[in-house]
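Enquirer: got a sequence here, can you build the structure:
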Amino acid sequence: MKDINNLGDTHFDILKEIGSIGSGNAVTSLGKMLEKKVEMPVPSVKLLEFKDIAGFIGGPSNIIVGVLVSLTGDINGIMMFILDMKSANAMVDVVMGGMVPKNDTFGELEMSAVNEIGNILISAYVGSLSGLTKLRITPSIPYMSIDMANAILSVPAIEFGKVADRVLFIESGFKVDKIEMSGYFILVPDMPSLSRILSALGVG
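Expert: Numbers count the residues shown, from 1 in each chain. From the prediction side, this is the model:
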């Protein structure tokens, strides 16, 4: 059985392609929600150890927004969408049409908006993965939190660190109305699910 710590170049290339296609579909869904054109450069896809992820999103103590869903069905695991606070504020500003006061704290309205954005993006990504693999994947209701990067990342690290040291980390830039934002997807399938994904794509 292949695990995510011991993948060859072909397997990693397939996972990178999944990351690119999933991000593209997520951005398309975001554009439909906003009724605006959303530009996205080619996403950066990496296999990272849990302990290194925080360094890519501003450091362990950086305050971030995380939207997490559990995946069940033919694929079991979790997926998380992460925004730093600057990008989260910018995204809320775009969604609300500039009607929300800019500050360092999120009220119920802002949190609801970010949670919905994260849910739409993750659902589009999961839908893309399901379509590519022909596997049934059901995402849970999203759970959102705002905390230091280390605290938010401890959830997948504790639950799946015993399965894999590394996760698929996808960095996606967004540009809406000349406003630039950065978002991050983290996909952590369990080992049997990773094998199913690779087998479904003909490289298992």
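Enquirer: strands of the chain, start to end?
Expert: 38-39, 44-49, 63-73, 77-84, 137-139, 143-148, 166-176, 179-189 (DSSP state E).
Enquirer: and the ones you listed, which is most packed in?
Expert: When you average the neighbours per residue for each of the strands of the chain (mean count of other Cβ atoms under 10 Å), strand 77-84 leads with a mean of 24. To be clear about C-beta, it is placed using only N, CA and C from the backbone, and glycine gets the same treatment.
Enquirer: between strand 63-73 and it, find me the angle.
Expert: 160 degrees (axes from the mean of the first three to the mean of the last three Cα atoms, to 10 degrees).
Enquirer: pull up the pairing partners for strand 77-84, direction included.
Expert: Applying DSSP bridges, strand 77-84 is found paired with strand 63-73 (antiparallel), strand 179-189 (antiparallel).
Enquirer: output the first one as CSV, nothing but the C-alphas.
Expert: C-alpha atoms of strand 63-73 as CSV (Å, rounded to 0.1, in the frame of the first residue of the first chain):
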residue,chain,number,x,y,z
ILE,A,63,-3.5,34.5,13.6
ILE,A,64,-5.4,32.6,10.8
VAL,A,65,-8.9,31.5,9.8
GLY,A,66,-9.4,27.8,9.3
VAL,A,67,-12.4,26.1,7.8
LEU,A,68,-12.3,22.3,8.3
VAL,A,69,-14.5,19.5,7.0
SER,A,70,-14.3,15.8,7.6
LEU,A,71,-14.5,13.5,4.5
THR,A,72,-16.4,10.2,4.5
GLY,A,73,-17.5,7.7,2.0
